[in-house]
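Enquirer: The following comprises the amino acid sequence and a computationally predicted model.
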Amino acid sequence: MALDRKPAPNDLSAFWMPFTANRQFKKAPRMFVAAEGMYYTTADGRQVLDGTAGLWCCNAGHKRPKIVQAIQQQAAELDYAPAFQMGHPKAFELASALRDIAPGGMDHVFFTNSGSESVETALKIALACHRARGEASRTRLVGRERGYHGVNFGGISVGGIVNNRRVFGNLLSGVDHLPHTHLPQNAFSKGQPEHGAHLADALDGLVALHGAETIAAVIVEPMAGSTGVLMPPKGYLERLREICTRHGIFLIFDEVITGFGRLGASFAAERFGVRPDMITAAKGLTNGIIPMGAVLVSAEIHDAFMNGPDHLIEFFHGYTYSGCPIASAAGLATLETYREEGLFQRAADLEAYWQEGLHSLRECPHVIDIRNMGLIGAIELQPMSGEPAKRGFSAFLNAYEAGLLVRSTGDTIALSPPLIVEKAQIDQIFETLRKVLHGLD
Ligand code: PMP
């Protein structure tokens, strides 16, 4: 009962930070207080080059005037509208705009507030769609080892990150996992690696084991981001698509990271030429500025709901903030910015330069693999014996001290700069990393 009490500026005790070593952080906090273009400003006044687009989301860079204005204007005009049984124009406009950049046939959009919610929504759509089509026995879900699909119960059940699963006891039942595609013989591949298409055949194995009539959907990241930027082997996604089609199983691409230009095309589905039945998106949808996610759904799936029995409500699912006005306005301004500046194409045009710079780090100490495509890259380091992830985390800390934001995932350094990055800044990223790698224990 102390609403009138002003919070003490240096009190860090109340905020329980997500996916953060809180005790360590609070002894030596790293704080950003401003951002513009490619740079963050720290609390102690330093400029830090954003090598990760925030958390893989600020694809157009920071403080973009068009997006800032759209948010301000929307807040002043229509701040909020009920999400159920009521509409407002911006949500419809954004859904159409998304359909226009989506791979052909992904004609309908369901809005959420995050990647995790997009995943839960897509899994529920898959289950409900089979039921609406009279195939209620299709309840099994298939994910993949080393997959990351957010942190809600469906997402960690189909996900394959051990630490995100094992401390939470029982997860969803009826879930299987395909093998991951990270093979040692693919080390230092540029773009898609050669080996591993056959790993998709494990899905045929699951069909033989359980019967196709029990399997609802397969969900994979076309390129696994959070577990170290793992590219799909050549032919792998095509084979997964073929097996899913053959057995009436929905294929869901989780494009929360790969959506909105990261791989040099609107979506990875476009880049790889493989069309899933649903795409989950978030992050770059609003340039990271306002939480928003979306599920892009094929016409076939959507029609199953629309052609079903004439209930008052066709899909019992939704969020208070699904397609809320401010997020929709931010999304529209973001897509306009991407279009006006040709940012998806820019990522494609810079890919060769990016690749050359990244692979020039191959001779640096501890480097055991380098992976890349579009404007994303990863440098995998030899783990310190008995201390996994320590070397990767030291690289992150030392890069931050040297004025560069990278992300460490285990002992892999992940890079995904805003798509506005200039060649000189690409050089700066790799020169800084070269020094950091030479200074590591
Ligand atoms: N799916 C993928 C592929 C992701 O990379 C992420 C976030 N990194 C999520 C889902 C979850 O998104 P959010 O953190 O917005 O819930």
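Expert: Yep, it's here. This one's a predicted model, so the numbers in the text were calculated from it and none came from an experiment. Residues are numbered from 1 along each chain as shown.
Enquirer: use CA for all of it now, contacts and neighbours both
Expert: Noted.
Enquirer: Which neighbouring elements make contact with the helix or strand of the chain with the lowest mean pLDDT?
Expert: Here the helix or strand of the chain ranked lowest by mean pLDDT, DSSP states H and E is helix 162-166, holding a mean of 90. Applying 3 or more Cα pairs under 8 Å, 6 or more residues apart in numbering; DSSP states H and E, one finds that helix 162-166 contacts helix 153-158.
Enquirer: who's in contact with the helix it packs on?
Expert: Residues from elsewhere that reach helix 153-158 (Cα atoms under 8 Å, 6 or more residues apart in numbering): 116, 119-120, 123, 141-144, 147-150, 164-165, 171-172, 175-177, 219.
Enquirer: Would you list the strands that whichever helix or strand comes after the least confident helix or strand of the chain pairs with, along with their directions?
Expert: Using DSSP states H and E, the helix or strand that follows helix 162-166 in sequence is strand 175-178. When pairs are called by DSSP bridges, strand 175-178 turns out to pair with strand 140-144 (parallel).
Enquirer: ok now the strand it pairs with, how far from the chain's centre?
Expert: 18 Å (Cα atoms, centre = their mean, to the nearest Å).
Enquirer: swap in stretch 434-441?
Expert: The chain centre lies 28 Å from the centre of stretch 434-441; the measure is Cα atoms, centre = their mean.
Enquirer: contacts for it?
Expert: So stretch 434-441 is in contact with 361, 364, 365, 366, 391, 394, 395, 398, 399, going by Cα under 8 Å, 6+ apart.
Enquirer: quick check, nearest of those residues to residue 68?
Expert: The shortest approach to residue 68 among those belongs to residue 399, at 29.3 Å (Cα to Cα).
Enquirer: So which elements touch the helix or strand harbouring that closest one?
Expert: Using DSSP H and E, residue 399 falls within helix 390-401. Secondary-structure packing of helix 390-401 (3+ Cα pairs under 8 Å, 6+ apart): strand 407-409, strand 412-415, helix 423-438.
Enquirer: Pull out the buried positions in it.
Expert: Buried residues in helix 390-401, counting neighbours by 16 or more other Cα atoms under 10 Å, are found at 390, 391, 392, 393, 394, 395, 396, 397, 398, 399, 400.
Enquirer: Quick check: which element contains residue 333?
Expert: Per DSSP H and E, residue 333 falls inside helix 325-340.
Enquirer: Now the element after that helix, going C-ward?
Expert: Note on helix 325-340: by DSSP H and E, the next helix or strand toward the C-terminus is helix 343-359.
Enquirer: got the contact list for that following helix?
Expert: 60, 188, 190, 260-266, 338, 370, 372-375, 377, 419-420, 423, 426-427, 430.
Enquirer: From those residues, list the buried ones, please.
Expert: 60, 188, 190, 260-266, 338, 370, 372-375, 377, 419-420, 426, 430.
Enquirer: can you tell me which of the residues you listed are in helices?
Expert: 338, 426, 430 (DSSP state H).
Enquirer: Throw those into TSV and include pLDDT, thanks.
Expert: TSV is the format used below for these (pLDDT from 0 to 100):
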residue	pLDDT
338	98
426	98
430	98
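Enquirer: Now render these as TSV, adding distance to the ligand.
Expert: Below are these laid out as TSV (distance: Cα to the nearest ligand atom, whole Å):
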residue	distance to the ligand
338	20
426	23
430	23
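Enquirer: Tell me which residues touch residue 241, please.
Expert: Contacts of residue 241 by Cα under 8 Å, 6+ apart are 251, 274, 275, 276.
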